[in-house]
Structures are given as C-alpha cells and as structure tokens.
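Enquirer: What shape does this take:
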Amino acid sequence: MNIVDLHVHSTKSDGSFTPTELVHYAIEKGLSAFALTDHDTTAGLAEAMDAAAGKSIEVIPGIEFSTEYEGKDVHILGLYIHYEEPHFKEQLIAFQNSRITRNEKMCALLTEAGIPITYNALLAEFPGSVITRAHYAKYLLAHGYTKSMKEAFDRYIGDNCPYFVPREKVTPIQAVELILQAGGIPILAHPPLYHMSHERMDTLVHTLADAGLMGIEAVYSTYCGSDEREMKALAKKYHLCISGGSDFHGTTKPGLDLAVGYGKLFIPEEILINLKEKLLH
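Expert: All right, here's what the predicted structure looks like:
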C-alpha cells in the first residue's frame, strides 16, 4: 500500500532538510506523496516541485499558518494552495512582516540581558529561512549560551519566559478563508497539542467547519490511540476529512522521522485520495 506524509518542514522554515533533500529522502522512504508545509512561507515549494519533476513522487504545495484562538497558538495547514495567486502572496507578506517585527523585539530583549544577538545575525546563520524560535535555540546552543535547545526554551524563549515576544497573528478563521481563496484544502493541525477541553475543541472545530474547514489532522506522530479516535470522531461529526502527517523537521526534532514519526506512524494514500475528492466537490 502506498504511503504519504501531509505535514513536512524544510530549511525554508525550521526544518534541517532543504526542499530538494526532502524530495530525495521521501523517495528513499517509499512515499508516493508529501506536503511541504513550512511555517508561514511558500519559499521552498518551487524548488521541491522542480526536484520532483519526472520522479515517482508528488509534492503537494502547502503551508502551515500560525494563528491565535482565545490565547492559544493554533495551526492551520493548507494543502494544494495556488501559492502564486496575487491576493494570497500579498497576505503572506503581511504575516511574514509581523514575524520580523517580533524577532527584532526578541533580539533587543536578549541583547539587553547580555546575550548579543541581532536579527541579521540569525539570517546570516540560517540563510533563506523564516526565523522561528527553533532558530534562536540553535543559535544560543551553537554560541555557548545554553547547553541544549531545551534549556534555550526553558530559560529564554518559551511562552512564559522574559525574552519571548508574541507576534500579531491571524485568527484560524482568517487562515481557513485565505487557504480557500487560494484554492486549497484547510486542515486543523494536531488539535490534541492545544490541550483544550472537549467542549472548547468541539466549539473550535464547529466554528472552523462553518467557515469552510475541510479536514482534521487525525493521524500524527505523537498521538496515542485515544487522541486518534477523538479526532476521527470530531471529523465524522462535522463531515470533515481526516489528514495525517509526521511534522518532520529533521534534526530539529530528534528521533522523529519522515513518514513513520517515532516509528509507528502510518498514513495510507487513501487519506490523500479522500482529501482530493473533497477539494473537487
């Protein structure tokens, strides 16, 4: 049976594989398709699709939007987006600018605390990437300010740390609408990671389904059996497709591999076929 992976990151956001390397690795892993879903950027899509041309693999043009819902960080995946569509590109630039502003503020706070770091230094160290907190953690580790990436998050850049600056984010509904306008499939990414009550999660899914959400990530690297069952039940309740992904980042998430997650993940091609049918109808 063919397998797919519908949630993958490259060096264009916070992964460690280039888009081209991902294509080669996906073929090596026996995937028939994977979605490149970098954080708030489509910068790697053209390269990945060029690398896959003429090969036995489909690269699905995607994105992962960081949004905010009642104080929670909620991610919306977009699959099969028309990423060159003018309105989509215009809105994407606005999202990226808000991330740049946040990064400049965080660099200033860290510098004041005796850790000299600039946004330009981060760009130089991670060329071509959308700078995320994972890049800060790698920088702090590489320059001797921490002994691990975990320490960087625990002491400096985690949500409740003094040097973390939240950025202005779109709402999940806005992300769903933008993906729909770009001809794509909007999917709620890894809902159990938001640690919401059943009632609150149900309300979120109901609200997004009314806005045009097409799927829920019901198969994911860190899920236990009850997580998967709950997500599939929510999908059925609101007539949504299920999606599945490893959330592969390469060395940024040690031990988590493409296609298989932590070893037991399995995403059959049937999941992708159902999503494609949803898009057509």
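Enquirer: who's in contact with the nearest residue to L45 once chain neighbours are set aside?
Expert: Distance criterion CB to CB, 6 or more residues apart in numbering; nearest residue to L45, sequence neighbours excluded, is P61 at 4.8 Å. Just so you know, the C-beta spots here come from the backbone N, C-alpha and C atoms, and that holds for glycine as well. When contacts are counted by CB atoms under 8 Å, 6 or more residues apart in numbering, P61 is found next to A35, L36, T42, L45, M49, L79, Y80, I81, H82, Y83.
Enquirer: again, only this time at 6 Å
Expert: L45, I81, Y83 (CB atoms under 6 Å, 6 or more residues apart in numbering).
Enquirer: Kindly report the same for A209.
Expert: Contacts of A209 (CB under 6 Å, 6+ apart): Y238.
Enquirer: name the element it belongs to?
Expert: helix 198-211 (DSSP states H and E).
Enquirer: Next SSE downstream of the helix or strand encompassing the residue nearest to L45?
Expert: Assigned by DSSP H and E, P61 belongs to strand 58-69. Using DSSP H and E, the next helix or strand after strand 58-69 towards the C-terminus is strand 72-79.
Enquirer: For that next one, name the packing helices and strands.
Expert: In this structure, strand 72-79 packs against strand 58-69, helix 172-181, strand 185-188, with contacts taken as 3 or more CB pairs under 6 Å, 6 or more residues apart in numbering; DSSP states H and E.
Enquirer: who does the shortest one pair up with?
Expert: This points to strand 185-188. Strand 185-188 pairs in its sheet with strand 72-79 (antiparallel), strand 215-220 (parallel), by DSSP bridges.
Enquirer: Next SSE downstream of the last one?
Expert: Going back to what we said before, that points to strand 215-220. Criterion used, DSSP H and E; the element after strand 215-220 is helix 225-237.
Enquirer: Okay, now the sheet partners of the next helix or strand after that following helix, with direction.
Expert: Where DSSP H and E defines the elements, the next helix or strand beyond helix 225-237 is strand 241-245. Applying DSSP bridges to the sheet, strand 241-245 is found paired with strand 215-220 (parallel).
Enquirer: got the contact list for the strand it pairs with?
Expert: Contacting residues not belonging to strand 215-220 are listed as 187-190, 228, 231-232, 234-235, 240-244, 267 [CB under 6 Å, 6+ apart].
Enquirer: Return the distance of that strand from the chain's centre.
Expert: Remark: strand 215-220 is offset 13 Å from the chain centroid, using CA atoms, centre = their mean, to the nearest Å.
Enquirer: What mean pLDDT does that strand get?
Expert: For strand 215-220, the mean per-residue pLDDT is 98.
Enquirer: Among the contacts of P61, name the buried ones.
Expert: The neighbour-count criterion (16 or more other CB atoms under 10 Å) marks L45, I81, Y83 among these as buried.
Enquirer: before we move on, back to that, in the strand holding P61, which residues are buried?
Expert: E58, V59, I60, P61, G62, I63, E64, F65, S66, T67, Y69.
Enquirer: Convert that strand to PDB, retaining C-alpha atoms only.
Expert: Extracted in PDB, the C-alpha atoms of strand 58-69 (Å, rounded to 0.1, in the frame of the first residue of the first chain):
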ATOM      1  CA  GLU A  58       4.000  14.100  -5.800                       C
ATOM      2  CA  VAL A  59       5.000  17.200  -3.900                       C
ATOM      3  CA  ILE A  60       1.800  18.900  -2.600                       C
ATOM      4  CA  PRO A  61       2.200  22.700  -2.300                       C
ATOM      5  CA  GLY A  62       1.300  23.600   1.200                       C
ATOM      6  CA  ILE A  63       1.800  25.900   4.200                       C
ATOM      7  CA  GLU A  64       1.300  25.900   8.000                       C
ATOM      8  CA  PHE A  65      -0.200  29.100   9.300                       C
ATOM      9  CA  SER A  66       0.400  30.100  12.900                       C
ATOM     10  CA  THR A  67      -2.900  31.600  14.200                       C
ATOM     11  CA  GLU A  68      -4.300  32.600  17.600                       C
ATOM     12  CA  TYR A  69      -7.600  31.400  19.200                       C
END
